[in-house]
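[1] sharing a model prediction with you, sequence too.
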Amino acid sequence: MNSTLPVLYSFRRCPYAIRARLALKLAGIALEVREVTLRDKPAAMLALSPKGTVPVLQLPDGRVLEQSLDIMHWALGQADSEIWRMDDATGQALIALNDGAFKGLLDDYKYANPQSTHPAGHYRDEAVDLFIAPLNQRLSQTPYFLGEAAALADLAIVPFIRQFAGVNPGWFLAAPFPALRRWLDAWTHSALFVSIMPRLDPWQPGDPPTLL
C-alpha cells in the first residue's frame with residue numbers, strides 16, 4: 001500500500017459503494033481501491049470498521065469514513081462543494097427518502113420470493129408511487145433533480161435507480177418514465193460511471209495497489 005493515498009474498501013455492485021466511487025473519481029482524488037467479497041470480508045477492513053459493510057475509506061491521516069454520504073461530502077469538499085449543492089434542503093430530502101423508505105421497498109422488490117408478504121409487483125408499485133413517478137415528473141421539468149446542473153442528490157441516487165431498473169429491465173423500459181430513463185442512461189453510459197465500474201479480483205493482503 002502507498003501510505004500517501006486514501007484506501008477505499010468497495011464492492012462493485014453495491015449502490016452505496018458506487019456513489020462513493022463516483023464522488024471520489026469526480027473530485028479527482030487518487031486512491032487505492034480494494035474490492036471486497038461480502039461473504040469473506042478482509043480482516044483489514046473489519047479492523048477499521050467492525051460494521052462490516054462497504055464502502056469504508058481510510059484517509060492517509062488515519063481517519064476512517066464508514067458511511068457513503070460522509071465519503072461523498074469529504075470528496076466533493078476537496079473539489080468545489082458549492083457546485084454540487086451539498087446542503088440544498090430539497091436534495092437532502094430526496095436523498096433521505098431514497099436511503100430510507102425507497103431503499104426498503106427496493107429491497108423488498110428485488111428479493112421478493114414465495115414466502116414474502118406480498119408479490120414483487122406490490123413493492124414495485126409502492127416504490128413507483130413513493131419515488132419513481134415523482135422523480136420522473138421532476139426530471140420532465142429539468143435535466144437534473146435540482147435544476148440545470150447535476151448535484152449531490154443526482155450522484156447519491158443514481159446507483160439505486162440503476163438497481164431498481166435492473167430488477168426487471170423489460171418492465172422498466174416499457175414503464176411511463178421516459179425522463180427518468182433518459183437521466184439514468186445519461187449517467188450510466190457516461191465516461192465517469194464506466195470508469196468506476198471495472199471488474200476487479202477480490203483484494204488479498206500483499207496484492208499490488210489498484211488505483212481508481
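    It's in. Residues are numbered from 1 along each chain as shown.

[2] now I132: how far from P202?
    To P202, I132 is 33 Å away according to Cβ to Cβ, to the nearest Å. C-beta coordinates here come from the backbone N, C-alpha and C atoms, glycine included.

[3] neighbour-wise, which of these two wins?
    Higher neighbour count among I132 and P202: I132, with 23 against 15, using other Cβ atoms under 10 Å.

[4] and the longest helix along the chain, how far from the chain's centre?
    The residue-count maximum for a helix in the chain (DSSP state H) belongs to helix 152-167. Relative to the centre of its chain, helix 152-167 is centred 7 Å away, using Cα atoms, centre = their mean, to the nearest Å.

[5] pLDDT wise, what is the nearest residue to S68 once chain neighbours are set aside at?
    Excluding the flanking residues, the one nearest S68 by Cβ to Cβ, 6 or more residues apart in numbering is Y16, at 4.0 Å. At Y16, the model reports a pLDDT of 98.

[6] returning to that earlier point: quick one: buried residues of the longest helix of the chain?
    152-165, 167 (16 or more other Cβ atoms under 10 Å).

[7] mean confidence score for that helix?
    Mean predicted confidence for helix 152-167 is 98.

[8] name the helices or strands packed onto it?
    Here helix 152-167 touches helix 15-26, helix 68-78, helix 89-97, helix 103-110, helix 120-127, helix 178-188, going by 3 or more Cβ pairs under 8 Å, 6 or more residues apart in numbering; DSSP states H and E.

[9] ok, 6 Å please
    The contact analysis (3 or more Cβ pairs under 6 Å, 6 or more residues apart in numbering; DSSP states H and E) places helix 152-167 against helix 15-26, helix 89-97, helix 103-110, helix 178-188.

[10] rebuild these as TSV, extending it with distance to V7 and mean neighbour count.
    Formatted as TSV, the helices and strands packed on helix 152-167 follow (distance: least, Cβ to Cβ, whole Å; neighbours: other Cβ atoms under 10 Å):
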stretch	distance to V7	mean neighbour count
helix 15-26	11	24
helix 89-97	25	16
helix 103-110	26	18
helix 178-188	26	17
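
[11] any chance of those helices in TSV, with distance to L146 too?
    Formatted as TSV, those follow (distance: least, Cβ to Cβ, whole Å):
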stretch	distance to L146
helix 15-26	16
helix 89-97	6
helix 103-110	20
helix 178-188	12
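
[12] for E148, find the nearest of the ones you listed.
    For these, the distance to E148 is smallest for helix 178-188, at 13.1 Å, taking Cβ to Cβ.

[13] which parts of the helix or strand following that closest one are buried?
    Under the assignment DSSP states H and E, the closest C-terminal helix or strand after helix 178-188 is helix 191-195. The neighbour-count check on helix 191-195 (16+ other Cβ under 10 Å) flags F193 as buried.

[14] do stretch 28-47 as well
    For stretch 28-47, the neighbour count (16+ other Cβ under 10 Å) marks 29, 31-36, 41-42, 45 as buried.

[15] can you check stretch 67-82 too?
    Applying 16+ other Cβ under 10 Å to stretch 67-82 flags 67-69, 71-76, 81 as buried.

[16] what does stretch 124-135 give?
    By 16+ other Cβ under 10 Å, the buried positions in stretch 124-135 come out as 124, 126-128, 131-132, 135.

[17] which strands or helices does the helix or strand where L8 lies pack on?
    Using DSSP H and E, L8 falls within strand 7-10. Under the contact definition 3+ Cβ pairs under 6 Å, 6+ apart, strand 7-10 sits against strand 32-35, strand 56-58.
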